[in-house]
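Colleague: quick check, what structure comes out for this input:
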Amino acid sequence: MEKIKTVLLDEKAIGRAVRRIAHEIIERNKGLENTILVGIHTRGVPLAKRLAVELEAIEGLSVPVFDLDISAYRDDGKRRIEKVGSGQPAFDGDGKTIVLVDDVLFTGRTVRSALNAIMESGRPQFIELAVLIDRGHRELPIRADYVGKSVPTSRRETVAVRLSETDAVNQVVLCEET
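Modeller: Alright, predicted model coming up:
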(Lines give C-alpha, C1' and ligand atoms only; values in the text may rest on other atoms or scores of the structure.)
Protein backbone atom coordinates (compact mmCIF):
# COMPACT_ATOMS: atom_id res chain seq x y z
CA MET A 1 0.00 0.00 0.00
CA GLU A 2 1.18 3.49 -0.78
CA LYS A 3 0.74 6.62 1.28
CA ILE A 4 0.84 10.10 -0.29
CA LYS A 5 3.73 12.06 1.21
CA THR A 6 3.30 15.31 -0.70
CA VAL A 7 1.81 16.92 -3.78
CA LEU A 8 4.72 17.79 -6.09
CA LEU A 9 2.70 19.60 -8.76
CA ASP A 10 -0.89 20.78 -8.75
CA GLU A 11 -2.93 21.56 -11.86
CA LYS A 12 -1.50 25.07 -12.30
CA ALA A 13 2.07 23.90 -11.77
CA ILE A 14 1.62 21.16 -14.40
CA GLY A 15 0.34 23.79 -16.83
CA ARG A 16 3.32 26.05 -16.14
CA ALA A 17 5.76 23.17 -16.59
CA VAL A 18 4.22 22.16 -19.93
CA ARG A 19 4.26 25.80 -21.11
CA ARG A 20 7.92 26.20 -20.11
CA ILE A 21 8.89 22.98 -21.88
CA ALA A 22 7.08 24.22 -25.02
CA HIS A 23 9.10 27.44 -24.96
CA GLU A 24 12.33 25.48 -24.46
CA ILE A 25 11.54 23.19 -27.42
CA ILE A 26 10.98 26.19 -29.70
CA GLU A 27 14.11 27.94 -28.46
CA ARG A 28 16.41 24.93 -28.78
CA ASN A 29 15.13 23.98 -32.25
CA LYS A 30 14.79 27.57 -33.52
CA GLY A 31 11.18 26.91 -34.44
CA LEU A 32 9.07 23.85 -35.09
CA GLU A 33 9.73 22.95 -38.71
CA ASN A 34 10.06 19.21 -39.18
CA THR A 35 9.15 18.55 -35.52
CA ILE A 36 6.78 15.84 -34.32
CA LEU A 37 5.74 14.87 -30.79
CA VAL A 38 5.61 11.20 -29.79
CA GLY A 39 3.94 10.39 -26.47
CA ILE A 40 4.74 7.15 -24.67
CA HIS A 41 1.69 5.23 -23.47
CA THR A 42 -0.06 5.96 -21.18
CA ARG A 43 0.45 9.41 -19.69
CA GLY A 44 3.04 10.60 -22.20
CA VAL A 45 0.29 10.78 -24.82
CA PRO A 46 -1.91 13.40 -23.09
CA LEU A 47 1.24 15.33 -22.11
CA ALA A 48 2.32 15.37 -25.78
CA LYS A 49 -1.13 16.63 -26.76
CA ARG A 50 -0.93 19.38 -24.14
CA LEU A 51 2.51 20.33 -25.44
CA ALA A 52 1.13 20.50 -28.99
CA VAL A 53 -1.58 22.92 -27.85
CA GLU A 54 1.02 25.16 -26.16
CA LEU A 55 3.37 25.02 -29.16
CA GLU A 56 0.56 26.02 -31.51
CA ALA A 57 -0.49 28.86 -29.20
CA ILE A 58 3.08 30.21 -29.15
CA GLU A 59 4.18 29.64 -32.76
CA GLY A 60 0.91 29.34 -34.64
CA LEU A 61 2.02 26.01 -36.15
CA SER A 62 0.32 22.69 -35.62
CA VAL A 63 2.75 19.99 -34.52
CA PRO A 64 1.70 16.39 -35.23
CA VAL A 65 1.27 14.16 -32.18
CA PHE A 66 1.64 10.39 -32.30
CA ASP A 67 1.28 7.82 -29.56
CA LEU A 68 3.79 5.07 -29.00
CA ASP A 69 3.04 1.72 -27.40
CA ILE A 70 6.42 0.31 -26.32
CA SER A 71 5.11 -2.88 -24.72
CA ALA A 72 6.65 -5.08 -27.45
CA TYR A 73 10.07 -3.51 -26.83
CA ARG A 74 10.27 -3.89 -23.05
CA ASP A 75 13.19 -5.75 -21.49
CA ASP A 76 11.59 -6.52 -18.13
CA GLY A 77 9.56 -9.59 -19.02
CA LYS A 78 6.36 -7.57 -19.48
CA ARG A 79 6.38 -7.83 -23.26
CA ARG A 80 2.93 -7.82 -24.70
CA ILE A 81 1.17 -6.25 -27.61
CA GLU A 82 -1.53 -4.07 -26.12
CA LYS A 83 -2.95 -2.92 -29.40
CA VAL A 84 -2.71 -4.43 -32.82
CA GLY A 85 -3.80 -2.13 -35.60
CA SER A 86 -4.78 0.80 -33.40
CA GLY A 87 -6.05 2.69 -36.43
CA GLN A 88 -3.52 5.47 -36.01
CA PRO A 89 -1.16 5.76 -38.95
CA ALA A 90 2.47 4.98 -38.22
CA PHE A 91 4.62 8.08 -38.20
CA ASP A 92 7.47 8.71 -40.58
CA GLY A 93 10.46 9.75 -38.49
CA ASP A 94 12.91 10.14 -41.39
CA GLY A 95 14.80 13.43 -41.10
CA LYS A 96 12.47 14.74 -38.39
CA THR A 97 13.10 16.15 -34.96
CA ILE A 98 11.18 13.79 -32.71
CA VAL A 99 10.35 15.01 -29.22
CA LEU A 100 9.66 11.90 -27.18
CA VAL A 101 7.30 12.72 -24.29
CA ASP A 102 6.79 10.77 -21.06
CA ASP A 103 5.47 11.52 -17.60
CA VAL A 104 8.29 10.23 -15.33
CA LEU A 105 11.93 9.48 -16.09
CA PHE A 106 13.23 6.87 -13.65
CA THR A 107 15.64 4.08 -14.66
CA GLY A 108 15.71 4.98 -18.36
CA ARG A 109 14.49 1.57 -19.50
CA THR A 110 11.17 2.87 -20.84
CA VAL A 111 13.01 5.48 -22.90
CA ARG A 112 15.41 2.83 -24.22
CA SER A 113 12.43 0.77 -25.36
CA ALA A 114 10.88 3.84 -26.99
CA LEU A 115 14.11 4.61 -28.84
CA ASN A 116 14.10 1.09 -30.28
CA ALA A 117 10.51 1.55 -31.45
CA ILE A 118 11.22 4.99 -32.94
CA MET A 119 14.18 3.73 -34.94
CA GLU A 120 11.77 1.44 -36.78
CA SER A 121 9.95 4.56 -38.01
CA GLY A 122 12.92 5.75 -40.02
CA ARG A 123 16.05 7.70 -39.26
CA PRO A 124 15.23 10.88 -37.35
CA GLN A 125 17.55 13.85 -37.55
CA PHE A 126 17.26 14.32 -33.78
CA ILE A 127 15.46 12.63 -30.92
CA GLU A 128 14.85 14.76 -27.84
CA LEU A 129 13.26 13.72 -24.56
CA ALA A 130 10.71 15.75 -22.61
CA VAL A 131 9.48 14.54 -19.22
CA LEU A 132 7.23 16.08 -16.62
CA ILE A 133 9.21 14.57 -13.71
CA ASP A 134 12.81 13.37 -13.48
CA ARG A 135 13.15 11.33 -10.28
CA GLY A 136 16.70 10.03 -10.74
CA HIS A 137 17.96 6.45 -10.20
CA ARG A 138 19.09 5.93 -13.80
CA GLU A 139 20.27 2.47 -14.82
CA LEU A 140 21.11 3.55 -18.36
CA PRO A 141 22.98 6.60 -19.68
CA ILE A 142 19.81 8.52 -20.57
CA ARG A 143 18.91 12.08 -19.66
CA ALA A 144 16.02 14.34 -20.54
CA ASP A 145 16.45 17.42 -22.71
CA TYR A 146 13.38 19.06 -21.17
CA VAL A 147 12.27 18.52 -17.56
CA GLY A 148 9.21 19.94 -15.84
CA LYS A 149 10.57 19.23 -12.36
CA SER A 150 13.49 17.24 -10.95
CA VAL A 151 12.60 15.44 -7.74
CA PRO A 152 15.19 13.50 -5.75
CA THR A 153 13.51 10.32 -4.52
CA SER A 154 14.37 7.16 -2.68
CA ARG A 155 13.75 3.76 -4.24
CA ARG A 156 10.97 3.20 -1.67
CA GLU A 157 9.09 6.19 -3.05
CA THR A 158 7.00 6.38 -6.19
CA VAL A 159 5.90 9.34 -8.26
CA ALA A 160 2.29 9.18 -9.43
CA VAL A 161 1.31 11.48 -12.30
CA ARG A 162 -2.43 11.89 -12.48
CA LEU A 163 -3.89 13.63 -15.51
CA SER A 164 -7.51 14.52 -16.19
CA GLU A 165 -7.42 12.58 -19.47
CA THR A 166 -6.59 9.31 -17.68
CA ASP A 167 -7.31 9.88 -13.97
CA ALA A 168 -9.92 12.68 -13.73
CA VAL A 169 -7.51 14.89 -11.74
CA ASN A 170 -4.37 16.91 -12.54
CA GLN A 171 -1.62 16.44 -9.99
CA VAL A 172 1.72 14.78 -9.36
CA VAL A 173 2.18 13.16 -5.97
CA LEU A 174 5.09 11.57 -4.16
CA CYS A 175 4.08 8.35 -2.42
CA GLU A 176 5.87 6.05 -0.01
CA GLU A 177 5.32 2.36 0.47
CA THR A 178 3.91 1.58 3.90
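
Colleague: and the spatially most central residue of the chain, how far is that from residue 62?
Modeller: Among the residues of the chain, residue 102 comes closest to the average C-alpha position under Cα atoms, centre = their mean, at 1.5 Å. Residue 102 sits 22 Å away from residue 62, going by Cβ to Cβ, to the nearest Å. The C-beta positions use only the backbone N, C-alpha and C, and glycine is treated the same way.

Colleague: ok so, going back, pretty sure the residue nearest to the centre of the chain sits in a helix.
Modeller: No: the assignment for residue 102, made by DSSP: H, G, I helix; E, B strand; the rest coil, is strand rather than a helix.

Colleague: what's across from residue 177 in the sheet?
Modeller: residue 2 (DSSP bridges).

Colleague: what's the burial count for it?
Modeller: Residue neighbour count, defined by other Cβ atoms under 10 Å, stands at 11 for residue 177.

Colleague: that one and residue 41, how far apart?
Modeller: From residue 177 to residue 41 the distance is 25 Å (Cβ to Cβ).

Colleague: swap in residue 168?
Modeller: 18 Å.

Colleague: do residue 75 as well
Modeller: Residue 75 is 16 Å from residue 41, by Cβ to Cβ.

Colleague: got it, and residue 161?
Modeller: 13 Å.

Colleague: over to residue 174?
Modeller: From residue 174 to residue 41 the distance is 23 Å (Cβ to Cβ).

Colleague: please identify which of these two sits among more neighbours.
Modeller: Shown here are residue 174 and residue 41; by other Cβ under 10 Å, residue 174 has more neighbours (19 against 16).

Colleague: what's the more buried one in contact with, if anything?
Modeller: By Cβ atoms under 8 Å, 6 or more residues apart in numbering, residue 174 lies in contact with 4-8, 151, 153, 157-160.

Colleague: in this protein, where is pLDDT below threshold?
Modeller: 76-89 (pLDDT under 70).

Colleague: which helix in this structure has the most residues?
Modeller: helix 11-29 (DSSP state H).

Colleague: next secondary structure after it?
Modeller: Sequence-wise, the next helix or strand downstream of helix 11-29 (DSSP states H and E) is strand 35-40.

Colleague: nice, that's everything, thank you.
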